[in-house]
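Trainee: how would this look folded up:
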Amino acid sequence: MPQIGWLEILSVVIIAILVLGPKEFPIALKKIGSYIGKFKNTLSNFQREISSVTKDVEVDDELISSDKKIKKNLDKNG
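Mentor: Reported below is the predicted structural model:
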């Protein structure tokens, strides 16, 4: 995985200031930060949903296995 050093970051910042201008640069940084925050929030929600679904599946599997055990015990004793 490529690593980004301080020189590369400084180069990108300087180019961004030249392209956007000193007045628009902070606004662009705020927008980028906002997009990153929204992306992280969406990713976190997605992970929470996946975790919830897997817990539900595990509970269902446990219920099915306990039902099978109960039926086996009833068949043995019944």
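
Trainee: Packing partners of the helix or strand hosting residue 18?
Mentor: Take DSSP states H and E as the rule and residue 18 turns out to sit in helix 6-20. Helix 6-20 is packed against helix 24-77, with contacts defined by 3 or more Cβ pairs under 8 Å, 6 or more residues apart in numbering; DSSP states H and E. C-beta: built from backbone N, CA, C; applies to glycine.

Trainee: orientation of the helix holding residue 18 relative to helix 24-77 in degrees?
Mentor: Going by axes from the mean of the first three to the mean of the last three Cα atoms, to 10 degrees, helix 6-20 is angled at 120 degrees with respect to helix 24-77.

Trainee: Give the rounded mean pLDDT of helix 6-20.
Mentor: Predicted confidence along helix 6-20 averages 93 (mean pLDDT).

Trainee: ok, and for it, which residues are buried?
Mentor: Within helix 6-20, not a single residue qualifies as buried, counting by 16 or more other Cβ atoms under 10 Å.
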